[in-house]
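Asks: no sequence for this one, just the structure:
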């Protein structure tokens, strides 16, 4: 089981208005801007968009957007999958995901889509209501 950095790239770039840009020496995936000459639906030139996912420099995990109030529950439910980097993620709405612990591409797509929904401009997200699966439990859910 598990997923790879290539799965992350393929799925992230399949989401509307998404692009990839190197930042901090790592690939980041953004929505709502024009990065690396790529412009998705809703992008504007000169704007690299909001990050919704970032691959770790060793390609074994990703960072995704997640409301801070939901992180503790997710980490407690699946500590082998979800974690934060103390001192780095403490004050941000960000969660780390170990790729080897992600069940399959469908689960990875769900995690990336939830993060995309949090970062996407309202107009772009509204144009793709089929992607917005946020519920009362928050965007990323432990199963």
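Replies: Nice, I can see it. Quick caveat, the model's predicted, so the values are computed rather than measured.
Asks: contacting residues around the host helix or strand of residue 109?
Replies: According to DSSP states H and E, residue 109 maps onto helix 105-119. Here helix 105-119 makes contact (Cβ atoms under 8 Å, 6 or more residues apart in numbering) with 3, 7-8, 11-12, 15, 18, 29-32, 49-53, 64-67, 93, 97, 99, 102, 125, 131-134, 139-140. Heads up, the C-betas are built off the backbone N, CA and C, glycines and all.
Asks: in helices, which of those residues fall?
Replies: In helices, judged by DSSP state H, the following of those are found: 7-8, 11-12, 125.
Asks: by neighbours, which of those wins?
Replies: residue 12 (28 neighbours; other Cβ atoms under 10 Å).
Asks: pretty sure it sits against residue 21.
Replies: No. Between residue 12 and residue 21 there is no contact under Cβ atoms under 8 Å: 11.4 Å.
Asks: buried subset of the contacts of helix 105-119 as a ChimeraX selection?
Replies: Buried residues among those (16 or more other Cβ atoms under 10 Å), as a ChimeraX selection:
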select :3,7,8,11,12,15,18,29,30,31,32,49,50,51,52,53,64,65,66,93,97,99,102,125,131,132,134,139,140
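Asks: what's the end-to-end length of stretch 93-106?
Replies: Its first and final residues considered, stretch 93-106 spans 23 Å by Cα to Cα, to the nearest Å.
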